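Chemist: Requesting a structural model of the entry that follows:
(one chain, ligands or ions: 1)
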Amino acid sequence: MTAFTGHESLDKYRKPHMAAWAGLQYALFRTGPVASNVVEGGLFWYSGDDRSIPDLQFHFLAGASAEDCVAGVTPGRSGITLNCYGLRPKARGTVRLSSADPDHPSLIDPNFMGHPDDLEMTVQGLKTSLEIFAQPALSKYVRKVVLPDDSLRSDDDLRSFVRNHCRTSYHPVGTCRMGSDDKSVVDTHLVLRGFEGLRVCDSSVFLSLIGSNTNAPTAMLAEKASDLISGNVRTR
Ligand SMILES: Cc1cc2nc3c(=O)[nH]c(=O)nc-3n(C[C@H](O)[C@H](O)[C@H](O)COP(=O)(O)OP(=O)(O)OC[C@H]3O[C@@H](n4cnc5c(N)ncnc54)[C@H](O)[C@@H]3O)c2cc1C
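Modeler: Coordinates of the predicted model:
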């Protein structure tokens, strides 16, 4: 996250009179900052030259104080955010029962950074973010990088920063894996093994993370599930 020298980002609309103006602009013309989804840009990239497919995803937010629980820039100032995510983590999390009572909450452990390669991949993403902020087209607006601040630039500093600040991008999948092997939870027709007519039709049946956002593939899966249930399946 960076703080800007000026007020080129959406943070300027935090001031009441600017927010009112933005609301009016949207009400009259359906344009302006209210029409933005804030996440204005995205990028897929590689954490190393040996990667054949992207293993990092970046979301560019046109504001620095846009996310809950993430420190922003000093009130009254503006900035931007570049989030990076590891797309192909090697660690696996767990969802376990806390008791035999179904009303008791389950124990969810995402196991973030549970494999050393995941940490290195994320640190590489952070370095790429800093490199992007340093490009002349962007750096002319940047007053300073706020997160991770200037004192954190060694690999160890960045590893520790990731351990302390990393968050999810909300794409957990695969707690109920589909497959034709005995260990899969549902078969390739999404039917829960050992049951008849009980299907699981959501992202929990994915075999692994797809390496991107999960909403569209979940909708595709649901379309397929409706075909399986209604018998509308091509046999060829
Ligand atoms: C904050 C956030 C932002 C996201 N942004 C994006 C994005 O920009 N792009 C993108 O592609 N993906 C995004 N995702 C991910 C995307 O929303 C999910 O991958 C997708 O919704 C998964 O669909 P699903 O059907 O598997 O699960 P869900 O959408 O979670 O649906 C599960 C449903 O089951 C219901 N349910 C749970 N327990 C029970 C029960 N015991 N009985 C009955 N019903 C129950 C829930 O109420 C819910 O309606 C985001 C997720 C979050 C949380």
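Chemist: Spatially nearest residue to P172 (excluding sequence neighbours)?
Modeler: P110 (6.5 Å; Cβ to Cβ, 6 or more residues apart in numbering). Just so you know, the C-beta spots here come from the backbone N, C-alpha and C atoms, and that holds for glycine as well.
Chemist: Now the lengthiest helix in the chain: buried residues?
Modeler: Scanning the chain for the longest helix, with DSSP state H as the assignment, gives helix 116-133. For helix 116-133, burial by neighbour count (16 or more other Cβ atoms under 10 Å) applies to 118-126, 128-130, 132-133.
Chemist: so where's this structure shaky on pLDDT?
Modeler: 234-236 (pLDDT under 70).
Chemist: how is it carved up into domains?
Modeler: Domain assignment for the chain by automatic domain parsing gives 2-165, 171-230.
Chemist: among those domains, which is nearest the ligand?
Modeler: domain 171-230 (2.9 Å; Cβ to the nearest ligand atom).
Chemist: quick one: is the closest one near the ligand?
Modeler: Yes - judged by Cβ under 6 Å from any ligand atom, domain 171-230 and the ligand are in contact via H171, D202, S203, N213, T214, N215, A216, T218.
Chemist: from the buried residues of helix 116-133, which two are the most distant?
Modeler: Greatest spatial distance in the buried residues of helix 116-133: D118 and F133, 23.1 Å, computed using Cβ to Cβ.
Chemist: before we move on, back to that, take the residues of domain 171-230 next to the ligand and write them to JSON lines, including neighbour count.
Modeler: Output for the residues of domain 171-230 next to the ligand, formatted as JSON lines (neighbours: other Cβ atoms under 10 Å):
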{"residue": "H171", "neighbour count": "18"}
{"residue": "D202", "neighbour count": "16"}
{"residue": "S203", "neighbour count": "20"}
{"residue": "N213", "neighbour count": "15"}
{"residue": "T214", "neighbour count": "18"}
{"residue": "N215", "neighbour count": "11"}
{"residue": "A216", "neighbour count": "10"}
{"residue": "T218", "neighbour count": "19"}
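Chemist: where exactly do the strands run in the chain?
Modeler: Taking DSSP state E to define them, one finds strands in the chain at 2-4, 39-45, 56-61, 79-86, 94-96, 107-109, 142-145.
Chemist: quick one: the longest one near the ligand?
Modeler: No - among the residues of strand 79-86, none lie within reach of the ligand under Cβ under 6 Å from any ligand atom; the closest is 11.7 Å away.
Chemist: What strands flank that strand, and is each parallel or antiparallel?
Modeler: Sheet pairing of strand 79-86 (DSSP bridges) gives strand 2-4 (antiparallel), strand 56-61 (antiparallel).
Chemist: before we move on, back to that, does anything pack onto the longest helix of the chain? Which helices or strands?
Modeler: strand 56-61, strand 79-86, strand 142-145, helix 155-165 (3 or more Cβ pairs under 8 Å, 6 or more residues apart in numbering; DSSP states H and E).
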